[in-house]
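J.: take this sequence and fold it.
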Amino acid sequence: MRRFGEGMKKSAVFALAIVAAGGCSSGDPTEEAPTARVSSALATPSQLDAFQMLAANTQRSWTWVQDQDLKTPKHLGTSRMPSTRIGAPVLGMDRDAVKATLSVLTENKALFRMREPELELSVSRTHVDELGMTHARFQQMVHGVPVSGAELAAHYDPAGHITSIDANYVADLDDVDVNPKLLESDARALAHADVAARTAVDEATLETPPGTLVVYAPKQAAATLAYEFTVRAMAAERPAIWVVTVDAKTGSILHGYDNLQTVQGKGAGVLGDDKEFEITVAGEGFALTDSTTSVQIKTLTAARQKIRGSAVTSSDPNSWDTGVPGAGSAVDAHVNAGAVYRYYRDKHKRNAINGKGGALVSTVHYGVAYDNAAWDGSGMIYGDGGDMFLPPSVSLDVVGHEFTHGVTERTSALIYENQPGALNEAVSDIFGAFIEHSVTPDEAKNWTMGEAVTKAGGALRDMRDPGAVAIPQPAHMSQYWNTQQDNGGVHANSGIINNAAYLMTVGGVNPVSNVEVPSGIGWAKSERLWYRANTEYFLKTTDFGQAAHGLLEAAKDIGLTEEETQIVARAFVATGIIDESGSETPAVEESSEDSTPRRRLVITRSSSCSAAPGGGSVGHVALAFAACAGLAWKRRRKG
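T.: Okay, the predicted model is just below:
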């Protein structure tokens, strides 16, 4: 895969807006036309010519954000003000978004450095959303083999005009040999051996579906043919789901990361509060299964084994989950899963986690003294806790966090490492806050994560001030951490995005930059905004900069005012993803106490933040919610 978290120190972006001579105008004679500014190192002459042609052909002002490493556009966006809707719709009478997108890309293939879009792109999905907008998402292919992590998505307004394109497209792959020398079974054995070495697990317990042949194209390295395997090591001392990439020519292990998306904690006991919930009759007793909704909400017990488990049952409908370690965690898991289901149904019209009515499954009493909660790709698993923390199912925001990993897996599919992984974690934190707020609104507690889990009190994360908890997170790009641990710091660097979400929702001051966002757009608009960005605009490898673009595009879609859109933009300024002038605030190198902005961005007139960083140094504070003694970090500020 072209791992966009790798080599992020060189991942820069710029924005470019241009209007061709005789092109569109807002009608305001005092309005100054946007100008083109670009570094020759970032764009080829052919791309610049193609961009000018795009502006001339569409009669619109466009924003172009270039990926420095890929040297292809990562975002193209255009104004959607009514005065700029000139010319015929891009979508024809048949409303075929696939055909329309391929036509647009064919006409502008020099801009994307494509050869034959119809052969290089395979449609992944298309749909018309509740706003009447049409979205088409494509997978990049090389001679029929997918390029792992390389995608493109096009978006059309209800009238059929194209509004934006987001892409992580890898050029110049036509010469990659897609004929493997290694059998899939042999590559799988190598993947198993690698995972066994990583996790100290019996290979016989590993579960691995057939591998996928992919073109793996990491930054700063030649593309190669590979097999990609998902290896479930749930019987390991520390359960894991490894994504392992094996060279299909040589058998070498090219890449691997743990895709078990976790919130770590140690706990003991239950709160003992009485709750009412739905159950079903099972034989001569009852089971913790809620069948009163359009989906089933099932709660299982692993009985201290590392298995999916069987239904939690009781002969007494008023007595559940007693006399066992972690007693009461099944009740909490069941009730909280129901709250998560109702939130997504009522707020976002989403039919369960998978969007298609699939059951919500929780497994409690997982393993012996397993100090974690995790989304494992098909449901939730919860341990019984340890000395410091209660069983994590007691906390609604933690349960909401984990189930949101399932929503992300089935929509944007953000990979779980580096910046996309930190964004993945942040999205789960953000919706954990939204879900908790929907049940028990509290302007202070809803912005802390997992305060119900800690035995001694105190939150696990604080989105208002990410550095204010026992295991602090960065709150600003100047504190962004570079590490090989924790999949590139996914549980640490999420604090930056978390704080941006807090600021744009209710307003406040970033604790590092001291930049103020005087007011927010409110909870209702913010949760709608984040849901739309995650489900429609984020791609598998979306980084923090692309996330900012996705939020701003979503702001247009849901009809935020210019003032509200500027609030969203201001939140990204406050967290250092962009600054007031449009310059990227790069992350600080590990050996430096200060930094000087190294890359320039150019912004359009219509937005104070049309660009955002594609990377910089990345890093890590500590793993999830564990009390990791000895892992400390110091705050770093811009020089």
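J.: looking at the chain, which helix or strand is least sure?
T.: The weakest-scoring helix or strand in the chain, judged by mean pLDDT, DSSP states H and E, is strand 15-18 (a mean of 41).
J.: can you count the residues close to the residue nearest to Pro391 when sequence neighbours are not counted?
T.: In space, and not counting its chain neighbours, Pro391 is closest to Ser329: 3.8 Å by Cβ to Cβ, 6 or more residues apart in numbering. Any C-beta I mention is one placed from the backbone N, CA and C, and that applies to glycine too. A count of neighbours around Ser329, defined by other Cβ atoms under 10 Å, yields 31.
J.: low-confidence stretches in the chain?
T.: 1-41, 80-89, 93, 262-272, 281, 579-639 (pLDDT under 70).
J.: can you tell me the centre-most residue of this protein?
T.: Asn424 (3.2 Å; Cα atoms, centre = their mean).
J.: and that residue, which of the three is it?
T.: Secondary structure, DSSP: H, G, I helix; E, B strand; the rest coil: Asn424 is helix.
J.: and the spatially closest residue to Leu121 that is not a sequence neighbour, what does it touch?
T.: In this structure, Leu121 finds its nearest non-sequential neighbour in Phe138, 4.1 Å apart by Cβ to Cβ, 6+ apart. By Cβ atoms under 8 Å, 6 or more residues apart in numbering, Phe138 lies in contact with 101, 121-124, 151-153.
J.: for Leu396, same thing?
T.: The contact partners of Leu396, by Cβ under 8 Å, 6+ apart, come to 336, 339, 432, 435-436, 439-440, 452.
J.: among the residues you listed, which ones are in strands?
T.: Among those, no member is found in strands (DSSP state E).
J.: now the helices: where do they sit in the protein?
T.: 45-58, 97-107, 109-112, 117-120, 184-199, 329-348, 396-409, 418-439, 486-506, 523-532, 544-557, 562-574 (DSSP state H).
J.: and the first one, which residues are buried?
T.: What it means is helix 45-58. Neighbour counts using 16 or more other Cβ atoms under 10 Å place 47-48, 50-52, 54-55, 58 of helix 45-58 among the buried residues.
J.: got the domain boundaries for this structure?
T.: Listed by automatic domain parsing, the domain ranges of the chain are 8-173, 184-248.
J.: reformat those as JSON lines; add distance to Leu560.
T.: Formatted as JSON lines, the domains of the chain follow (distance: least, Cβ to Cβ, whole Å):
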{"stretch": "domain 8-173", "distance to Leu560": "12"}
{"stretch": "domain 184-248", "distance to Leu560": "34"}
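J.: for Val324, which of those is the nearest?
T.: Proximity to Val324 (Cβ to Cβ) singles out domain 184-248 among the domains of the chain, at 20.0 Å.
J.: export stretch 47-62 to PDB, keeping only CA atoms.
T.: These are the backbone C-alpha positions of stretch 47-62, laid out as PDB (Å, rounded to 0.1, in the frame of the first residue of the first chain):
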ATOM      1  CA  GLN A  47      -0.400  19.600 -14.600                       C
ATOM      2  CA  LEU A  48      -0.500  23.400 -14.600                       C
ATOM      3  CA  ASP A  49      -1.700  23.400 -18.200                       C
ATOM      4  CA  ALA A  50      -4.300  20.800 -17.400                       C
ATOM      5  CA  PHE A  51      -5.500  22.800 -14.400                       C
ATOM      6  CA  GLN A  52      -6.000  25.900 -16.400                       C
ATOM      7  CA  MET A  53      -8.000  23.900 -18.900                       C
ATOM      8  CA  LEU A  54     -10.100  22.500 -16.100                       C
ATOM      9  CA  ALA A  55     -11.000  26.100 -15.000                       C
ATOM     10  CA  ALA A  56     -11.700  27.200 -18.600                       C
ATOM     11  CA  ASN A  57     -13.900  24.200 -19.400                       C
ATOM     12  CA  THR A  58     -15.900  24.300 -16.200                       C
ATOM     13  CA  GLN A  59     -15.900  28.100 -15.900                       C
ATOM     14  CA  ARG A  60     -15.300  27.900 -12.200                       C
ATOM     15  CA  SER A  61     -12.700  28.800  -9.600                       C
ATOM     16  CA  TRP A  62     -11.100  25.600  -8.300                       C
END
